[in-house]
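Student: Below are the sequence and a predicted model for it; my questions follow.
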Amino acid sequence: MTNVRLTVPNIPAFMVTRKGRTQRPGSTLPRTRYPTLDEAVTVAEAQAAERPGSVMIVFQEVLRAKAEADPIPAAAPSPRRSGGPGDIPPMSPGSKGGA
């Protein structure tokens, strides 16, 4: 995996999510980052109060992994055969190309 870049954040972020499944698959992934643990805890407490019985989890970001997209190679020029069927003969400098 040579095209995966791992970085440790200078300032780790905190994220909050609800434990368990939701009605939309994949929507349990946290999307909002909080700069401090206190902010994340406040949000987790508020969300837990809105949904009695649910468990809120606070995550701390410790590492980022990003796969770089493979570069698209430039197309190689197609080999040309002059005089083949379907080829258009080159125009001479004095011709106008009209009928």
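Tutor: Right, received. Where do you want to start? Numbering: from 1, shown residues only.

Student: Report the residue spans of this protein with pLDDT below the cut-off.
Tutor: Within the chain, the stretches with pLDDT under 70 are 1-2, 21-29, 70-90, 92, 94-99.

Student: Mind jotting down where the helices sit in it?
Tutor: Counting by DSSP state H, one finds helices in the chain at the ranges 37-50.

Student: For residue 56, see how far away residue 45 is.
Tutor: Plainly put, residue 45 is 8 Å away from residue 56 if you go by Cβ to Cβ, to the nearest Å. Where you see a C-beta, it was placed from the backbone N, CA and C, and this is true even at glycine.

Student: Give me the more crowded residue out of those two.
Tutor: More crowded of residue 45 and residue 56, by other Cβ atoms under 10 Å: residue 56, with 19 against 13.

Student: which residues are in contact with stretch 39-53?
Tutor: Residues from elsewhere that reach stretch 39-53 (Cβ atoms under 8 Å, 6 or more residues apart in numbering): 14-16, 18, 32, 34, 54-58.

Student: quick one: which of the residues you listed is nearest residue 6?
Tutor: Set against residue 6, the nearest of these by Cβ to Cβ is residue 15 (18.5 Å).

Student: I appreciate the help and will end here.
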